[in-house]
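Participant: When you get a sec, could you give me coordinates for this:
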Amino acid sequence: MLRRIVLITLLTSSVCALHWEMHKEASIGNGFEENSGEIETEQLPGKCWACKWVMKKLKKQLSNGATPDDIKNKLGVVCDEIGFLKSVCRKLVNQFTDILVEELSTTDDAGTICANIGVCKKQAWS
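Facilitator: Below you'll find the model as predicted:
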C-alpha cells in the first residue's frame, strides 16, 4: 500500500514538473513573433509532425523539374493519406500553400521547410 502511494506521488509530481517546464518554455519567446501574428507556431497538437510528414511525402513524389502547378496539385491531395491529422494537414496546407510551393522547389529537407514556415522550432545545430 505504501509503495502505491509513493509511486502515485512520484508520478503526479513528475507530471506536474513536466507541465511546469512546458509552460515555462512556452512563456519564454521572441516578443516580435508573438505579437506580429504572422507566424503561428505549434498552435495545434501534431502540427509540426504533420508538416514534416507532408513535406517528406511530397519530396519523394516530386521530381526535380516539378512545376509550381504540379506542386500545388500534390499539396491538394497529400492530406487525404495522413489519417487522423487530416484536418490539421489541410489547415496547414491552405495557410501556407504559396510558401510551401516555393520551399518544395528547393533542396531543403522536411524539417528545414517546416522550421522556415514557422511550424516547427529550428534545431540548435541547423
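
Participant: can you pull the buried residues of stretch 106-118?
Facilitator: Taking 16 or more other Cβ atoms under 10 Å as the basis for neighbour counts, the residues of stretch 106-118 that come out buried are 110-118. Placement of C-beta: from N, CA and C, glycine included.

Participant: If we only consider those residues, which is nearest to Leu2?
Facilitator: Relative to Leu2, the closest of the buried residues of stretch 106-118 is Gly111; by Cβ to Cβ it sits at 46.5 Å.

Participant: Which of the buried residues of stretch 106-118 fall in helices?
Facilitator: 110-116 (DSSP state H).

Participant: With distance to Val78 and pLDDT added, can I get these in a markdown table?
Facilitator: What follows is those, written out as a markdown table (distance: Cβ to Cβ, whole Å; pLDDT from 0 to 100):
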| residue | distance to Val78 | pLDDT |
| --- | --- | --- |
| Ala110 | 12 | 90 |
| Gly111 | 17 | 90 |
| Thr112 | 18 | 91 |
| Ile113 | 13 | 91 |
| Cys114 | 14 | 91 |
| Ala115 | 19 | 91 |
| Asn116 | 18 | 90 |
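
Participant: List just the nearest of those residues to Pro68.
Facilitator: Of all these, Ile113 has the smallest distance to Pro68: 15.3 Å, by Cβ to Cβ.

Participant: any idea how far Thr9 is from that closest one?
Facilitator: For Ile113, the distance to Thr9 (Cβ to Cβ, to the nearest Å) stands at 44 Å.

Participant: And Gly46, by the same measure?
Facilitator: Counting by Cβ to Cβ - Gly46 and Thr9 are separated by 31 Å.

Participant: Who has more neighbours out of the two?
Facilitator: Comparing Gly46 with Thr9 by other Cβ atoms under 10 Å, the one with more neighbours is Gly46, at 14 against 10.
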